[in-house]
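In: requesting a structural model of the entry that follows:
(4 chains)
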There are 2 protein chains.
Amino acid sequence: MYAEPMSLRYALLGLLAEEPASGYDLTRKFERALRRYAWHAQHSQIYPELNRLATDGLVMVAAEGPRGRRAYAITDKGRSELRSWMLNPPDVFVVRHEFVLRLFLLSTLDADDARAVLRPIVEESARELATLQDSIATNDATTPPGALPAFGRLVAEYGLRSFQTMHDWAVWAMDQIDRASPTAPPDRPLG
Amino acid sequence: MYAEPMSLRYALLGLLAEEPASGYDLTRKFERALRRYAWHAQHSQIYPELNRLATDGLVMVAAEGPRGRRAYAITDKGRSELRSWMLNPPDVFVVRHEFVLRLFLLSTLDADDARAVLRPIVEESARELATLQDSIATNDATTPPGALPAFGRLVAEYGLRSFQTMHDWAVWAMDQIDRASPTAPPDRPLG
DNA sequence: TGCATCATGTAAAAAGTTACATGATTAG
DNA sequence: CTAATCATGTAACTTTTTACATGATGCA
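Out: Numbering: from 1, shown residues only, chains lettered A, B, ... in the order given. Here you go, the predicted structure:
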């Protein structure tokens, strides 16, 4: 009876609920913050959608700047639509995760190829983890001790834990493969 | 210079690398196994793609059955294309995860609404976790002890750890919100 | 003055979803 | 005999990507 996907619409509404932004700003937020974890959208999709949101009265032009810049702000109507979307999650979430798809297909490779796929995952997730840990530490240090943690902190924690999980899993998986079919004779100490 | 996404193509190739299957079988595999974790595709997308894969010589009709059923098998060419795709991951993976998007937007809600969003996550991830743990235990029990673990086991482990992470995080997040703004006066024991 | 970045759009093509359409086989 | 499931397709529509297109501002 009803459709209700259109996550892009709510992603934009959500970002504008945090603070007013232009299409250009929003494009950068997707690229920098959302893309690797949650959702992506190009500017060619964002600008038309902002215009539709404005037509529907969910956002409004809050300020104009140089080079035709238009900063949008969410309206009360927009805020209420966003809230109702947030409080009514679907039964199954849309998931499209090429990394996990590749995990599923690891079984099509032999042990050496599988190791070659896993190795960079171990390395990159370790790097990613360190970066995140660092930026969280910096953030926590600047927050007054004992004060309420900002919501952004919750997302950061989720990202941190997810990378930790990925890293630990990849190390474990490598080990499983090594046990099943060692490349070289294991360098076993005496005893 | 080159495009190279078309993950659906490789998802199909990968599933067919495990065992021959019909479009109908593949549709069910997406629905049952891949959809919640990695990727989804409808039969209306699968059938045309299988025909294209056959035209390109990456798969072939291996068997015909009742009701016009056609079981496809991967060819050597298909296997080699799949391998090269697997060994050449992109710099950034395609990610589209409505659940995580909603996490990002949690900051647009007040504490009560945020709790209302998190509560079902805690409950559902716990259920999911129990189901997965169960099916892994059953699987591990039927596998000869000390034998090489099948690759499917690696994916199952990843799923398990991911749900555990989600669950633990959601519990932690609820607690953080409670600390910042308790709903009712905390039922604090004397002392 | 020239280059990077800011800033917004549209058009064409590809990918994905929903709806329409049809028929065979099998188990109860 | 009839309902569920197996089985494959196409059409219309929506969403997303890639490419085309243009110009202003600020900094070195």
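
In: hey, let's count contacts and neighbours off CA atoms from now on
Out: Will do.

In: domains in chain A, by residue range?
Out: Per automatic domain parsing, the structural domains of chain A span A:7-86, A:98-180.

In: mean pLDDT for the ones you listed: which is lowest?
Out: Least confident of the domains of chain A, judged by mean pLDDT, is domain A:98-180 with a mean of 87.

In: how long is that one end to end?
Out: 26 Å (Cα to Cα, to the nearest Å).

In: residues touching residue A:24, list them.
Out: Contacts here follow Cα atoms under 8 Å, 6 or more residues apart in numbering or on different chains; on that basis residue A:24 touches residue A:43.

In: equivalent analysis for the one 10 residues further on, please.
Out: The neighbours of residue A:34, taking Cα under 8 Å, 6+ apart as the test, are A:40, B:101.

In: gap between it and residue A:49?
Out: 17 Å.

In: picking that back up, looking at the domains of chain A, which is nearest to DNA strand C?
Out: Nearest to DNA strand C among the domains of chain A is domain A:7-86 (3.3 Å), distances taken as Cα to the nearest atom of the strand.

In: residue numbers of chain A in contact with DNA strand C?
Out: A:1, A:3, A:22-25, A:43-45, A:47-48, A:51, A:65-71 (Cα under 7 Å from any atom of the strand).

In: next one: stretch A:49-61 to chain centre, how far?
Out: Centroid separation between stretch A:49-61 and its chain, computed with Cα atoms, centre = their mean, to the nearest Å, is 25 Å.

In: an error on my part: the question was meant for stretch A:43-54.
Out: 21 Å.

In: likewise for stretch A:80-91?
Out: With Cα atoms, centre = their mean, you get 19 Å for stretch A:80-91.

In: contact partners of it?
Out: With contacts defined as Cα under 8 Å, 6+ apart, stretch A:80-91 is touched by A:10, A:13, A:14, A:58, B:102, B:109, B:113, B:116, B:117.

In: what about that stretch, how long is it end to end?
Out: Span of stretch A:80-91 from end to end, Cα to Cα: 21 Å.

In: spatially central residue in chain A, please.
Out: Central residue of chain A (Cα atoms, centre = their mean): residue A:37, 1.6 Å from the mean position.

In: which residues in chain A form strands?
Out: A:21-22, A:59-64, A:70-74, A:95-97 (DSSP state E).

In: which of these sits closest to chain B?
Out: Across the strands of chain A, chain B has its closest neighbour in strand A:95-97 (4.6 Å, Cα to the nearest Cα).

In: the closest one pairs with which strands, parallel or anti?
Out: Strand pairing for strand A:95-97, determined by DSSP bridges: strand B:95-97 (antiparallel).

In: any idea of the pLDDT on residue A:5?
Out: Among the per-residue scores, residue A:5 holds a pLDDT of 67.

In: right, and residue A:64 touches residue A:73 too?
Out: No. Assessed by Cα atoms under 8 Å, residue A:64 is found out of contact with residue A:73, at 11.6 Å.

In: list the contacts of stretch A:127-137.
Out: Residues contacting stretch A:127-137 (Cα under 8 Å, 6+ apart): A:153, A:156, A:159, A:160, A:163, A:164.
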